[in-house]
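Engineer: Turn this into a model:
(chains A and B)
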Amino acid sequence: MSTTLSAKPSGNPPGAPEARRSPLTRLQHLLHAQATIGPAVVLLVAVIVFALLSDRFLTPGNISLIVQQVAVVGTLAVGQTIVILTAGIDLSCGAIMVLTSIVMAKVAADTGLPGVPALLLGFVVGTLCGLLNGVLVTRLKLPPFIVTLGTLNVFFALNLWYSSSATIRGTDMPKLLLWTGQTFTIGGTRITYGSIMMVLLVAAMAFALKNTAWGRHVYATGDDAEAARLSGIRTGRVLLGVYATAGLVYAVAAWILIGRIASASPQAGQLDNLDSITAVVIGGTSLFGGRGAIVGSLLGALIVGVFRNGLALAGVDVLWQTMAVGVLIIVAVSLDQWIRKVKP
Amino acid sequence: MTTPVLEARGLVKRYGRVTALAGADLELLPGEILAVIGDNGAGKSSLIKALSGALVPDEGEILVDGQPVSFSSPIDARRAGIETVHQSLAVSPSLDIAANLFLGRERRRKGVLGTVFRMLDRAGMREEARRQLDALGIMTIQNPGQAVETLSGGQRQAVAVARAAAFGSRVVIMDEPTAALGVRESRAVLDLVLQVRDRGLPVILISHNMPHVFEVADRVHIQRLGRRKAVVDPKSISMSDAVAIMTGALEAP
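Structural biologist: Numbering: from 1, shown residues only, chains lettered A, B, ... in the order given. Next up is the predicted model:
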């Protein structure tokens, strides 16, 4: 082992001279190998720029606000990332989240079900919604875009029907459902349990993707499904697992959402599905599958949060904030296209 | 007579009104390289897919060491010790070499890390990948942690062959391993084919390239119109006669 690693320069095949690459090509190779470097740099630069523009930006209260604002979309992005890694897309994530939050809150409020079973019921509903997406994608072999566009409407309609379009107040539901909105204080910064949960979820999923066979199979399925199948991976089962897991993650997002708005509203999170896709894409995960990382999606969500917050503090109109996010998406995807053209 | 390691009897596969296999037979003997040649549409690919579990034939049977088996997926064939190097290579470009070698049969760490946390034994798999590449004399690949997409066509082929040789305990099937390669890379892959045979693994080699077939094969199976037309000894027949049988210009001897 040691001899082979150290003997690098001697047997290099002709045509691959490392030293003669231009700086641009080297950058391309670096980004190709480490997809999260791009978003990490963007986030760092954005933080520095906004800190220079406004004194209030780096205050503990403001940072706490950004993280709270990011928690829901950041959690959705965890589920969205594993779906996109398989070359899929999930437009229904926001609808699953809202439906789940309504089920958790309304069942508890109507029947007096305690917090723990209400929460577990929500997790089951979220997982089943995700599983339905997975079954439609794998059994009916429909494109994920179409499947989730359909289920987005189905789940949203179910949500309106079950809730009778009425918001469930926080005071009517068990304390546990609101716990994610509770805060504790470290060094003057108030942190919600919901944002801690998002970070733990990101860490757990990052571990699973990087260190387990399941994670490798997710990447392989998204990279080239036929090759994965011929390599003995049961790609159908991988996809079912991914969509169901994503559904469970959206249910956790629902819990965080209830804590955030201190109620369960059938109209909440209308655009969160697109925002989660935005976070994933800006985070360097490729829409073509097989390439990317969870940590990038968290960075992506934070970038959007920082841009919106920073521009608002700098007194920039909301419409320009939206435009900035739009430009970010296009830049991120162009960058991905360029990185994928890397030559051996 | 020795029992064939792998045998197909009367395989039939129809796609709607198209018959890809019309009662195809095949016998692979221990320790040999059996080349399979045939014109486009002769049923080579379907035959190989049936043997590697990627396709379930409508009729006929497959025997491994004389015992009938039925493969419903590539995993079944792999369990029976049959490894296939597909023409598409079936590698995952964004994963590294070691990950590709162990794709679908990853090893986990010992102890709690492996059983509870399901952690992969990365170091162990890389070391084993290195050993397999060395065993086949694949020296142009230095680092098993390199992503497969950074490799040349020949190197990718070498990775796919190394995977088959590492895990194939009975048979290695190679579908057009030199089709996309240059002269020098083809040479290296043919050497690999010979080495796999010399390690005692019989090989089924599908190829369009007659000089390659005649150079390495011990016997040549000629497929025509979904059936086995003939099996010839490459030392006693000319290349042009083999092609003539393949195209139907000459009757089988």
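Engineer: Quick check: which element contains residue 87?
Structural biologist: Let's take chain A. Assigned by DSSP states H and E, residue A:87 falls within no helix or strand.
Engineer: please go with chain B instead
Structural biologist: Applying DSSP H and E, one finds residue B:87 in no helix or strand.
Engineer: residues contacting it?
Structural biologist: Residues in contact with residue B:87 (Cβ atoms under 8 Å, 6 or more residues apart in numbering or on different chains) are B:175, B:176, B:179. (Each C-beta comes from the backbone N, C-alpha and C, glycine too.)
Engineer: can you check residue A:206 too?
Structural biologist: A:293, A:294, A:295.
Engineer: do you know how far it is from residue A:215?
Structural biologist: For residue A:206, the distance to residue A:215 (Cβ to Cβ, to the nearest Å) stands at 9 Å.
Engineer: Check residue B:149 too.
Structural biologist: Residue B:149 sits 18 Å away from residue A:215, going by Cβ to Cβ.
Engineer: cool, and residue B:107?
Structural biologist: Counting by Cβ to Cβ, the gap from residue B:107 to residue A:215 is 14 Å.
Engineer: The two: which is more packed in?
Structural biologist: residue A:215 (21 against 14; other Cβ atoms under 10 Å in any protein chain shown).
Engineer: Could you look up the SS state of the closest residue to that one other than its chain neighbours?
Structural biologist: In space, residue A:215 comes closest to residue A:209 once its chain neighbours are excluded; the distance is 3.8 Å by Cβ to Cβ, 6 or more residues apart in numbering or on different chains. Judged by DSSP: H, G, I helix; E, B strand; the rest coil, the three-state class of residue A:209 is helix.
Engineer: tell me the contacts of residue A:209?
Structural biologist: Taking Cβ under 8 Å, 6+ apart as the test, what residue A:209 contacts is A:82, A:85, A:215, A:218, A:219, A:293, A:294.
Engineer: And residue A:217, by the same measure?
Structural biologist: By Cβ under 8 Å, 6+ apart, the contact list for residue A:217 reads A:228, A:233, A:235, A:238, B:104.
Engineer: can you confirm it is in a strand?
Structural biologist: No: Residue A:217 sits outside any strand when classified using three-state DSSP, being helix.
Engineer: Please, which helix or strand holds residue 243?
Structural biologist: All of this is about chain A. Using DSSP H and E, residue A:243 sits in helix A:235-261.
Engineer: Can you look at chain B instead?
Structural biologist: With DSSP H and E as the test, residue B:243 turns up in helix B:239-247.
Engineer: Ok, residue B:157 next?
Structural biologist: helix B:153-167.
Engineer: could I have that helix exported to PDB, CA atoms only?
Structural biologist: Coordinates of each C-alpha in helix B:153-167 appear next as PDB, following Å, rounded to 0.1, in the frame of the first residue of the first chain:
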ATOM      1  CA  GLY B 153     -11.000   4.100 -21.900                       C
ATOM      2  CA  GLY B 154      -8.400   1.300 -21.500                       C
ATOM      3  CA  GLN B 155      -8.000   2.000 -17.900                       C
ATOM      4  CA  ARG B 156     -11.700   1.900 -17.300                       C
ATOM      5  CA  GLN B 157     -11.800  -1.400 -19.100                       C
ATOM      6  CA  ALA B 158      -9.000  -2.600 -16.900                       C
ATOM      7  CA  VAL B 159     -11.100  -1.700 -13.800                       C
ATOM      8  CA  ALA B 160     -14.100  -3.500 -15.100                       C
ATOM      9  CA  VAL B 161     -12.000  -6.600 -15.900                       C
ATOM     10  CA  ALA B 162     -10.300  -6.500 -12.500                       C
ATOM     11  CA  ARG B 163     -13.700  -6.400 -10.900                       C
ATOM     12  CA  ALA B 164     -14.800  -9.500 -12.800                       C
ATOM     13  CA  ALA B 165     -11.600 -11.300 -12.200                       C
ATOM     14  CA  ALA B 166     -11.600 -10.500  -8.500                       C
ATOM     15  CA  PHE B 167     -15.100 -11.800  -7.800                       C
END
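Engineer: Buried residues, that helix. List them.
Structural biologist: Neighbour-count burial for helix B:153-167, with 16 or more other Cβ atoms under 10 Å in any protein chain shown as criterion, is recorded at B:154-167.
Engineer: Over to stretch A:317-332?
Structural biologist: Under 16+ other Cβ under 10 Å, the buried positions of stretch A:317-332 are A:321, A:324, A:325, A:328, A:329, A:332.
Engineer: contacting residues around the second one?
Structural biologist: Contact partners of residue A:324, counting by Cβ under 8 Å, 6+ apart, are A:307, A:311.
Engineer: Report pLDDT for it.
Structural biologist: The score at residue A:324 is 87. That number is its pLDDT.
Engineer: which stretch of helix or strand covers it?
Structural biologist: Residue A:324 belongs to helix A:318-340, assigned by DSSP H and E.
Engineer: Identify the residues contacting residue B:95.
Structural biologist: For residue B:95, the contact set (Cβ under 8 Å, 6+ apart) comprises A:216, A:219, A:220, A:223, B:103, B:147, B:148.
Engineer: which residue sits closest to the first one, ignoring its sequence neighbours?
Structural biologist: If I follow you right, that is residue A:216. Residue A:216 sits nearest to residue B:99 (Cβ to Cβ, 6+ apart), 5.8 Å away.
Engineer: Let me see the contact set for that neighbour.
Structural biologist: A:216, B:92, B:125.
Engineer: and if you look at residue A:91?
Structural biologist: Residue A:91 sits next to A:145, A:148, A:149, A:152, A:273, A:277 when contact means Cβ under 8 Å, 6+ apart.
Engineer: which ones are touching the closest residue in space to it that isn't next to it in sequence?
Structural biologist: Here the nearest residue to residue A:91 in space, its sequence neighbours aside, is residue A:148; by Cβ to Cβ, 6+ apart that works out to 4.2 Å. Taking Cβ under 8 Å, 6+ apart as the criterion, residue A:148 is in contact with A:89, A:90, A:91, A:92, A:93, A:133.
Engineer: Can I get the residues you listed in JSON lines including pLDDT and secondary structure?
Structural biologist: Formatted as JSON lines, these follow (pLDDT from 0 to 100; DSSP: H, G, I helix; E, B strand; the rest coil):
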{"residue": "A:89", "pLDDT": "97", "secondary structure": "coil"}
{"residue": "A:90", "pLDDT": "97", "secondary structure": "coil"}
{"residue": "A:91", "pLDDT": "97", "secondary structure": "coil"}
{"residue": "A:92", "pLDDT": "97", "secondary structure": "coil"}
{"residue": "A:93", "pLDDT": "96", "secondary structure": "helix"}
{"residue": "A:133", "pLDDT": "97", "secondary structure": "helix"}
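Engineer: Just the buried ones from those?
Structural biologist: Buried members of the contacts of residue A:148, scored by 16+ other Cβ under 10 Å, are A:89, A:90, A:91, A:92, A:93, A:133.
Engineer: what would those residues look like in JSON lines with distance to residue A:244?
Structural biologist: JSON lines is the format used below for those (distance: Cβ to Cβ, whole Å):
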{"residue": "A:89", "distance to residue A:244": "16"}
{"residue": "A:90", "distance to residue A:244": "12"}
{"residue": "A:91", "distance to residue A:244": "17"}
{"residue": "A:92", "distance to residue A:244": "13"}
{"residue": "A:93", "distance to residue A:244": "13"}
{"residue": "A:133", "distance to residue A:244": "8"}
